[in-house]
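**Q** turn this into a model:
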Amino acid sequence: MPIVAVDDTDSRERGMCTTYVATRVAERLADAGGRVQRRLLVRLNPAVKHKTRGNAAVALHVTGVDAETAATTAVETVEEFAAASDPRTSPGVVVADRDVAGDPFDPTGSPIPDAVAAFARRALRERLTVAEAVELADEHGFRHAAIGSAGGASETAAVAGRGRIGALAAVGAPAAFDEWTFERISYRALDRCGTPRDVDVESAFAAAESGYPTVWDTVDRETGTPVCVPNAPGPILYGIRGDDAGACREVAAAIDGETVDRAATFLTNQGTDAHLAPGRIGNLRDGAGYRVAGTVASAPETKRGGHVHLDVAGDRDGADTDSRDPLRVVAFAPTGRFRDRVRALRPGDRVTLCGEHEVRPEVDGPESTLKLEKFAVRDLVRTAPAVPACPDCGRSMSSAGSGQGYRCRDCGTSAPGKVEEPIERDLDIGWYEVPPSARRHVAKPLVRGGFDAPVHPER
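**A** Here you go, the predicted model:
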């Protein structure tokens with residue numbers, strides 16, 4: 001009763017989709033007498049450079065066939081459908097002969113080895129190697145295969161079958177993560193791939209409204225974009241995400257458009273923030289997702305391209321960070337109206353930040369940047385220094401000279417220095433997020449709840 005996992009079967013330019021390939025594997029396993037108990041769609045580290053947009057692997061929990069039959073079926077199907085002619089595509093298959101008839105999600109009795117579960121957790125936050133995946137798979141007797149030429153003579157043993165990294169992570173995912181959501185994916189006929197998708201946008205918005213908030217990130221109401229409909233030239237027609245499988249199926253069924261060729265429901269780690277780890281400003285690795293705390297240290301600045309930058313300093317007396325060097329934080333132009341939330345921050349505001357950390361080489365030394373996905377306002381600066389007003393006439397006082405305070409020219413009254421006056425703020429305490437059209441697959445929407453402060457969801 002094996003776990004059959006595949007990854008890296010798609011191409012940025014040539015299309016295809018790992019969930020589609022896995023769906024075809026599931027169909028052929030059924031033809032061989034198997035029964036797919038569950039389908040797992042596992043999002044991996046979004047910072048990996050060679051990924052396609054989603055960086056997803058898929059695992060099938062199968063009963064009724066042996067591991068050898070499952071492996072042969074998976075390899076043959078991947079060979080047929082994967083976009084292996086793309087030199088950047090490097091498909092891999094892993095088959096673990098483990099009994100999944102029970103509950104593989106139970107950490108006290110899962111059939112998945114602890115080391116494989118640990119590998120899956122690392123795959124969300126680190127950049128792993130094929131060699132490490134192969135060694136671990138061999139150690140536990142898992143079957144695995146590298147498929148396709150993936151660049152022919154330019155391919156090396158170090159990257160051949162790179163998809164085995166994600167496939168092994170998908171095997172370990174049930175024992176690695178404790179929060180899961182669903183996605184119902186509807187596919188178009190393969191001969192329509194590369195042509196414009198025919199999806200009725202009005203029906204998508206109506207269906208999204210009927211399913212919200214159980215079903216989320218179906219559309220972006222501010223931009224009028226049906227987020228569920230991808231732009232890539234692959235076989236997915238639309239994907240509906242939510243916290244209940246039945247609700248996802250209902251929303252999908254309510255969308256009008258071209259004929260759905262086949263469909264499948266996946267259990268996923270999407271919308272869970274599984275990629276984020278607690279971090280400290282000044283002690284962050286490149287290519288990993290973090291949640292860090294600090295104090296805004298500079299006024300937000302909108303730079304070329306519409307990207308908004310600001311610096312956040314570590315709290316010297318706090319437990320979350322110990323660095324005096326500020327962290328550069330960026331809200332990129334595609335995050336749209338979210339940038340207005342970032343622009344509303346002021347030096348002195350206390351915040352919690354979530355996003356991917358990147359270290360870029362610069363002339364003056366490496367620059368540490370956090371690509372912002374969401375943030376929480378913990379405390380707002382409510383006053384600002386202002387020139388005092390004369391208590392007699394109400395007019396603004398004038399400087400009396402360096403270090404001599406202020407004086408009213410008409411009344412002769414004086415004040416020792418500036419005073420603190422209340423200021424209007426366009427932010428409230430709580431969490432803010434990028435809109436659905438800019439959200440990463442694994443990032444948790446605020447509407448899902450479970451956050452430690454009030455939330456201001458984007459729809």
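**Q** can you list the domains in this protein?
**A** Following automatic domain parsing, one finds the domains of the chain at 3-178, 182-268, 276-382+424-448, 383-422.
**Q** nearest to Glu458, of those domains?
**A** Evaluated over the domains of the chain, closeness to Glu458 peaks at domain 276-382+424-448, with 4.4 Å, by CB to CB. In this view, the C-beta of every residue, glycine as well, is placed from N, C-alpha and C.
**Q** mean confidence for that closest one?
**A** What domain 276-382+424-448 shows for mean pLDDT is 90.
**Q** again, but for stretch 33-49
**A** For stretch 33-49, mean pLDDT is 90.
**Q** so how far is that stretch off the chain centroid?
**A** 15 Å (CA atoms, centre = their mean, to the nearest Å).
**Q** buried set for that stretch?
**A** Residues 34, 36, 38-48 are the ones in stretch 33-49 that count as buried (16 or more other CB atoms under 10 Å).
**Q** among the residues you listed, which ones are in strands?
**A** 36, 38-43 (DSSP state E).
**Q** that older thread, identify the farthest-apart pair in the buried residues of stretch 33-49.
**A** Gly34 and Ala47 (35.4 Å).
**Q** give me the pLDDT for Gly242.
**A** Confidence score, pLDDT, at Gly242: 98.
**Q** can you report how many residues lie near it?
**A** Around Gly242 there are 26 other residues, counting by other CB atoms under 10 Å.
**Q** roughly how far does it sit from Ser210?
**A** For Gly242, the distance to Ser210 equals 12 Å [CB to CB, to the nearest Å].
**Q** shared neighbours of the two, which are they?
**A** The overlap between the contact sets of Gly242 and Ser210 (CB atoms under 8 Å, 6 or more residues apart in numbering) consists of Val251.
**Q** circling back to that earlier point, could you single out the nearest of the buried residues of stretch 33-49 to Phe375?
**A** Of the buried residues of stretch 33-49, the one sitting nearest to Phe375 (CB to CB) turns out to be Pro46, at 17.5 Å.
**Q** out of the domains of the chain, deepest packed?
**A** domain 3-178 (a mean of 21; mean count of other CB atoms under 10 Å).
**Q** ends of that domain, how far apart?
**A** Here the two ends of domain 3-178 are set 19 Å apart, with distance taken as CA to CA, to the nearest Å.
**Q** list the contacts for the closest residue to Gly449 other than its chain neighbours?
**A** With sequence-adjacent residues excluded and distances taken as CB to CB, 6 or more residues apart in numbering, Gly449 is closest to Val455, at 7.5 Å. Contact analysis of Val455 by CB under 8 Å, 6+ apart lists 430-431, 446-447, 449.
**Q** pipe those residues into JSON lines and attach distance to Asp191 and secondary structure per row.
**A** Converted to JSON lines, these look like this (distance: CB to CB, whole Å; DSSP: H, G, I helix; E, B strand; the rest coil):
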{"residue": "Gly430", "distance to Asp191": "48", "secondary structure": "strand"}
{"residue": "Trp431", "distance to Asp191": "44", "secondary structure": "strand"}
{"residue": "Leu446", "distance to Asp191": "40", "secondary structure": "helix"}
{"residue": "Val447", "distance to Asp191": "37", "secondary structure": "helix"}
{"residue": "Gly449", "distance to Asp191": "42", "secondary structure": "coil"}
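**Q** could you list every helix and strand in contact with the longest strand anywhere in the chain?
**A** Assignment by DSSP E gives strand 367-379 as the longest strand of the chain. Packing partners of strand 367-379 (3 or more CB pairs under 8 Å, 6 or more residues apart in numbering; DSSP states H and E): strand 288-296, strand 327-331, helix 338-343, strand 350-360, strand 430-433.
**Q** following the chain past it, name the next helix or strand.
**A** Once strand 367-379 ends, the next helix or strand along the chain (criterion: DSSP states H and E) is strand 383-386.
**Q** note down every partner strand of that following strand and its orientation.
**A** Partner strands and pairing direction for strand 383-386 (DSSP bridges) are strand 419-422 (antiparallel).
**Q** tell me where the stretch 151-300 of the chain has strands.
**A** With strands called from DSSP state E, counting those that start in this stretch, the stretch 151-300 of the chain shows them at 181-187, 215-216, 236-242, 262-268, 276-278, 288-296.
**Q** and the longest one, which strands flank it?
**A** Spelled out, it's strand 288-296. strand 276-278 (parallel), strand 308-313 (antiparallel), strand 350-360 (antiparallel).
**Q** ok, the third one next?
**A** According to DSSP bridges, strand 236-242 has the following sheet partners: strand 181-187 (antiparallel), strand 215-216 (antiparallel).
**Q** sorry, back to before: columns distance to Tyr406 on top of the buried residues of stretch 33-49, output as a markdown table?
**A** Output for these, formatted as a markdown table (distance: CB to CB, whole Å):
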| residue | distance to Tyr406 |
| --- | --- |
| Gly34 | 83 |
| Val36 | 77 |
| Arg38 | 72 |
| Arg39 | 71 |
| Leu40 | 68 |
| Leu41 | 65 |
| Val42 | 63 |
| Arg43 | 58 |
| Leu44 | 60 |
| Asn45 | 56 |
| Pro46 | 53 |
| Ala47 | 52 |
| Val48 | 58 |
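**Q** right, I'll call it a day here.
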